[in-house]
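> Need coordinates for the below:
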Amino acid sequence: MSLLYATDLELIVERVEKLREKLAGAGRAVSYDDLGKAVGLSGATVFNFLKRKDPSNSKLKEHGEALRAWVEREELKAEHGMLRIPFAETRQAQRFIEAYQFAQRYNKLVAVLGHSGFGKTRAIEELRRRDRTLITVTAWSQIGASGLLKELCEETASPTKGLQIALMKRLRHKLTGSNRVVIIDDAHTLKFNALDVLRYLYDQTGIGMVLSGIGGLRRHLVGTSDETEQLASRVSGRIFELPDLNGEDVHKILVAAMGAREAERAFGLIERHETIMASARRLGNVLEMASAFAHRAKADLSVDHVTKALKVAA
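This next block holds a predicted model:
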């Protein structure tokens, strides 16, 4: 049987599909859209390339090189054994999911507040896995109202060019009556104008919305000034506080990463470090380093590797 592509491109297709299959088996499925984002192409372009839909495309070489670079990048990560911390049903994650479910069920605007490193972003990743219709945007201090609208348009596959009023009209058309949920991560970094855009979008579309951030977000949610009252009155009574990380939560994360037997032993080491016990992010960093030690030793992740990682972390 003759090949549709030249041999070098066929090899790239084979490597990509094998890696996608491997990642899916490890619970890290990579869709064509995900892969497109990783290499700067559309999901449709990636699909057409891998399925050999357009063998006469003049950019096949270019697309092949982009996908080859992705494979090599991912294989390098695997070679160094960096652990992808599995999702754990900590009390923080449960509380975040509770907030999301409330917003989804009742199409309400809610807020989730928790210290940095409490696993808010990891909970959002898990929710995206469970609900492919979920719309998520990660905010930052320089994004502004226009930038935020453009991010939302991109997430909803809407055109991103034009003035704010045009962007808002597209989003209203796309989201009204959709019963979808929007989650804004790091919402505490947004200025009032950007938050007011979200308030207006919520009012106009009737969707559920979750504002996630650290304690600094609270000043916009409980204020009594004319400027903050619009948003504060809509979130009133629906601010979900994340509990502090405790031993139970740390143990759940260790079990998810290592299994129950090794987790029991590792917990005895971890609990001596107050800063790690108080932060899911710091704990994740230690486990990632431990996984690298385990990979180099060609062994399963164990308490011995955690011991080494703690020495580096300290």
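> Quickly note the distance from the residue nearest to the spatial centre of the chain to residue 44.
The chain has residue 125 as the residue nearest its centroid, 3.7 Å off, counting by Cα atoms, centre = their mean. To residue 44, residue 125 is 24 Å away according to Cβ to Cβ, to the nearest Å. In short, each C-beta sits where N, CA and C put it, glycine included.
> what do you get for residue 242?
39 Å.
> Neighbour count: the two, which is higher?
Counted by other Cβ atoms under 10 Å, residue 242 and residue 44 do not tie: residue 242 has more neighbours, with 23 against 12.
> how many neighbours does the closest residue to that one other than its chain neighbours have?
Excluding its sequence neighbours, the residue lying closest to residue 242 (Cβ to Cβ, 6 or more residues apart in numbering) is residue 114, at 3.1 Å. For residue 114, the count of nearby residues is 23 (other Cβ under 10 Å).
> Run me through the strand neighbours of the helix or strand that contains residue 182, direction for each.
Element membership of residue 182, judged by DSSP states H and E, is strand 181-185. In the sheet, strand 181-185 lines up against strand 135-138 (parallel), strand 208-213 (parallel) (DSSP bridges).
> Provide a list of residue ranges in this structure with pLDDT below threshold.
The chain contains residues with pLDDT under 70 at 1-3, 26-27, 76-84, 314.
> of the strands paired with strand 181-185, which approaches residue 174 most closely?
strand 135-138 (9.7 Å; Cβ to Cβ).
> That closest one: which residues count as buried?
Going by neighbour count (16 or more other Cβ atoms under 10 Å), the buried part of strand 135-138 is 135, 136, 137.
> and if you look at stretch 154-169?
Neighbour-count burial for stretch 154-169 [16+ other Cβ under 10 Å]: 156, 158, 167, 168.
> Might one say that the first one is in contact with residue 171?
Translated: residue 156. Yes: Residue 156 lies in contact with residue 171 (Cβ atoms under 8 Å); the separation is 6.7 Å.
> Of all the residues in the helix or strand residue 33 falls within, which ones are buried?
Per DSSP H and E, residue 33 falls inside helix 32-39. For helix 32-39, a neighbour-count test (16+ other Cβ under 10 Å) marks 32, 35, 36, 38, 39 as buried.
> so what secondary structure elements neighbour that helix?
helix 43-50, helix 60-79 (3 or more Cβ pairs under 8 Å, 6 or more residues apart in numbering; DSSP states H and E).
> Only alpha carbons, please: show the first one as PDB.
Included here for helix 43-50 are C-alpha records, laid out as PDB according to Å, rounded to 0.1, in the frame of the first residue of the first chain:
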ATOM      1  CA  GLY A  43      -7.800  21.900  15.600                       C
ATOM      2  CA  ALA A  44      -9.200  21.400  12.200                       C
ATOM      3  CA  THR A  45      -5.800  21.800  10.600                       C
ATOM      4  CA  VAL A  46      -4.300  19.300  13.000                       C
ATOM      5  CA  PHE A  47      -7.100  16.800  12.300                       C
ATOM      6  CA  ASN A  48      -6.700  17.100   8.500                       C
ATOM      7  CA  PHE A  49      -3.000  16.600   8.800                       C
ATOM      8  CA  LEU A  50      -3.200  13.500  11.000                       C
END
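> Quick one: list the elements packing against the helix or strand encompassing residue 202.
Per DSSP H and E: residue 202 is located in helix 192-205. In terms of contacts (3+ Cβ pairs under 8 Å, 6+ apart), helix 192-205 is packed against helix 144-155, helix 164-175, strand 181-185, strand 208-213, helix 226-235.
> rewinding a little: how about the residue nearest to residue 242, what does it touch?
Residues in contact with residue 114 (Cβ atoms under 8 Å, 6 or more residues apart in numbering) are 92, 96, 120, 214, 241, 242.
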